[in-house]
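# One predicted model, sequence on top.
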Amino acid sequence: MDNMTADIALPAVQKPIVAARDLKKIYCTDAARIHALNGVDVSIMPGEHCAILGTSGSGKSTLLSLLAGLERPTSGRIYIMRRPIHAMTEKEMVDFRLHNIGFVFQSFNLMSMMTAVENVAMPLMFQGVPKAVREARAERLLRKMGLAKQLASRPSQMSGGQQQRVSIARALISQPEIIFADEPTGNLDSATSRQIMDLMTEAADRRGATLIFVTHDEDHTAYADRVLHIRDGIVDRVETRTRNAGVSTSRDPAHEHQNPEETASCAKH
Ligand SMILES: Nc1ncnc2c1ncn2[C@@H]1O[C@H](COP(=O)(O)OP(=O)(O)OP(=O)(O)O)[C@@H](O)[C@H]1O
Ligand SMILES: [Mg+2]
């Protein structure tokens with residue numbers, strides 16, 4: 001090989017940060033077996049912002065919970081950062097989530113007896129970070145998010161938008177590679193919703209983090225690079241976007257489906 005050839009830097013082949021294959025989830029109740037997911041294939045690339053859009057009951061939250069390791073699939077495989085989370089023990093999964101994943105819930109899920117600082121610092125407490133250090137970090141982050149006056153407030157003393165900012169700070173505090181959000185603005189008015197979506201996407205971008213969010217609001221898909229349309233527990237259609245700009249649609253995602261470890265593809269199964 002001559003020197004010139006040796007000096008050419010070849011682009012690294014990017015691997016998906018989240019990949020799921022043939023994901024199925026059946027909920028068994030006394031009355032019925034509910035097929036919430038019917039075989040979903042997804043690949044999400046590092047730094048990508050991906051929206052999951054669909055009607056109520058279509059399986060959005062189920063898909064997000066499985067991808068984040070909050071729930072286990074009935075069958076199928078899920079890889080996060082190339083680790084097979086479907087094969088992890090409960091303890092391994094909790095530990096993995098603590099260090100690599102942030103989750104934002106529609107209903108904020110803050111601890112009612114804790115202040116904003118204590119809520120945000122909580123993941124660091126589980127990581128064994130000393131109180132003074134974790135609370136100083138939480139305070140810095142809350143100030144950056146415009147909550148300087150709410151540091152000592154409890155959730156009941158804050159507006160919905162303020163509570164959701166606290167919960168986003170809690171999701172970001174351990175500097176996760178991936179942020180999952182399930183209808184993060186579902187309980188907020190439209191102006192506050194936009195602020196929260198701006199804040200969350202900018203925070204993810206600043207850190208190069210991957211963002212995967214569920215929404216039923218078409219307008220919020222403008223915050224995504226890709227939109228997975230989910231219907232009756234399958235990915236029905238995948239839309240690739242230039243964020244906040246033009247939209248190109250693909251009605252035949254199957255042609256995108258290649259090796260799960262090699263490519264970004266979201267395909268109907
Ligand atoms: N724990 C559970 N036990 C039984 N059935 C469940 C459970 N969780 C979800 N389901 C069912 O699975 C299907 C998909 O639910 P999921 O919560 O994923 O929908 P969704 O798209 O998030 O809806 P929404 O927009 O209303 O939040 C629904 O039929 C729902 O009733
Ligand atoms: Mg839901």
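Great, that's in hand. Ligands and ions are numbered 1, 2, ... in the order given.

# CA atoms for contacts and neighbours, from now on please.
Noted.

# so where's this structure shaky on pLDDT?
1-13, 244-269 (pLDDT under 70).

# tell me the phi and psi of the residue in the stretch 151-269 of the chain that ligand 1 sits nearest to?
The nearest approach of the stretch 151-269 of the chain to ligand 1 comes at His216, 6.7 Å away (CA to the nearest ligand atom). For His216, the backbone dihedrals (degrees, to the nearest 10) come out as phi -110, psi 10.

# contacting residues around it?
Leu53, Gly54, Thr55, Ser56, Glu183 (CA atoms under 8 Å, 6 or more residues apart in numbering).

# okay, now the first one: neighbour count?
It refers to Leu53. Leu53 has 25 neighbouring residues, counting by other CA atoms under 10 Å.

# go on, the last one?
Here the count is done by other CA under 10 Å, and Glu183 has 20 residues near it.

# if we can go back for a sec, return the member of the contacts of His216 nearest to ligand 1.
Ser56 (3.4 Å).

# What parts of the stretch 51-200 of the chain come near ligand 1?
Residues of the stretch 51-200 of the chain lying near ligand 1 by CA under 6 Å from any ligand atom: Thr55, Ser56, Gly57, Ser58, Gly59, Lys60, Ser61, Thr62.

# How about the secondary structure of the fourth one?
Using DSSP: H, G, I helix; E, B strand; the rest coil, the three-state assignment for Ser58 comes out as coil.

# For Ile179, see how far away it is.
Ser58 is 22 Å from Ile179, where distance means CA to CA, to the nearest Å.

# Those two: who's more crowded?
A direct count of neighbours by other CA under 10 Å for Ser58 and Ile179 places Ile179 higher, at 24 against 19.

# mind listing what the more buried one touches?
With contacts defined as CA under 8 Å, 6+ apart, Ile179 is in contact with Ile101, Gly102, Phe103, Val104, Ala171, Leu172, Ala204, Ala209, Thr210, Leu211, Ile212.

# From what I see, the first one and Arg170 are in contact.
Translated: Ile101. No. If you go by CA atoms under 8 Å, Ile101 and Arg170 don't touch, sitting 10.9 Å apart.

# hey, what's the spatially most central residue of the chain bridged with?
Among the residues of the chain, Phe180 comes closest to the average C-alpha position under CA atoms, centre = their mean, at 1.8 Å. Bridge pairing for Phe180 (DSSP bridges) gives the partners Phe103, Ile212.

# so it makes contact with Ala68?
Yes. Under the criterion of CA under 8 Å, Phe180 makes contact with Ala68 at 7.0 Å.

# on contacts alone, who are the packing partners of the helix or strand hosting Gln162?
For Gln162, the enclosing helix or strand under DSSP states H and E is helix 160-172. Using 3 or more CA pairs under 8 Å, 6 or more residues apart in numbering; DSSP states H and E, the elements in contact with helix 160-172 are strand 101-104, helix 116-126, helix 131-144, helix 190-207.
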